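Asker: any chance you could fold what I've pasted below:
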Amino acid sequence: MAKKAVVTQIKIQAAGGQATPAPPIGPALGQHGVNIGQFVSQFNERTKDKNGMLVPVVINVYQDKSFDFIVKSPPAAELLKQAAGIVKGSGVPNKEKVGTVTREQLATIAKTKFEDLNAFTIEAAVKIIEGTARNMGLEVAD
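Answerer: Prediction:
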């Protein structure tokens, strides 16, 4: 069976299990002729366990207007906000701290994100997540 040619690749972020045809999904898919309702139902089915959390998705659109998609792990910032119990990060992270996360929480987030990170070991992944936490104004407790 011959491989179908990918016409375009679309990257968007949507709320897990709660996607609707409204922007940003509808316009992004509509301009490529993709069946928006079909995508929304498949996406919501695959992400119902991440209810309401922002989830990145990469959609491959083929010549015959068919598609497939890959759901990535939620952004590190979203996972850190959830772990610290905050609504948003600090506007001036070097002066104004908004919360605290533990090393165990960082390790858990690093394991969740490991496939999407540019790291070969869990220790390196924890350092990446720790840098994100510091840039959000979170303190890291031992």
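
Asker: can you give me the pLDDT of residue 119?
Answerer: At residue 119 the predicted local confidence, pLDDT, stands at 87.

Asker: go on, residue 2?
Answerer: According to the per-residue confidence, residue 2 scores 56 in pLDDT.

Asker: what's the answer for residue 110, then?
Answerer: The predicted local confidence for residue 110 comes out at a pLDDT of 92.

Asker: that one against residue 104, yeah?
Answerer: No - in terms of Cβ atoms under 8 Å, residue 110 does not count as a neighbour of residue 104; the distance is 10.6 Å. Bear in mind the C-beta positions are built from the backbone N, C-alpha and C, glycine included.

Asker: of these two, which one has the most company?
Answerer: When neighbours are counted by other Cβ atoms under 10 Å, residue 110 and residue 104 differ, and residue 110 comes out ahead with 23 against 11.

Asker: next helix or strand past the strand or helix carrying that one?
Answerer: For residue 110, the element it lies in under DSSP states H and E is helix 103-113. Remark: after helix 103-113, the chain's next helix or strand is helix 122-135, criterion DSSP H and E.
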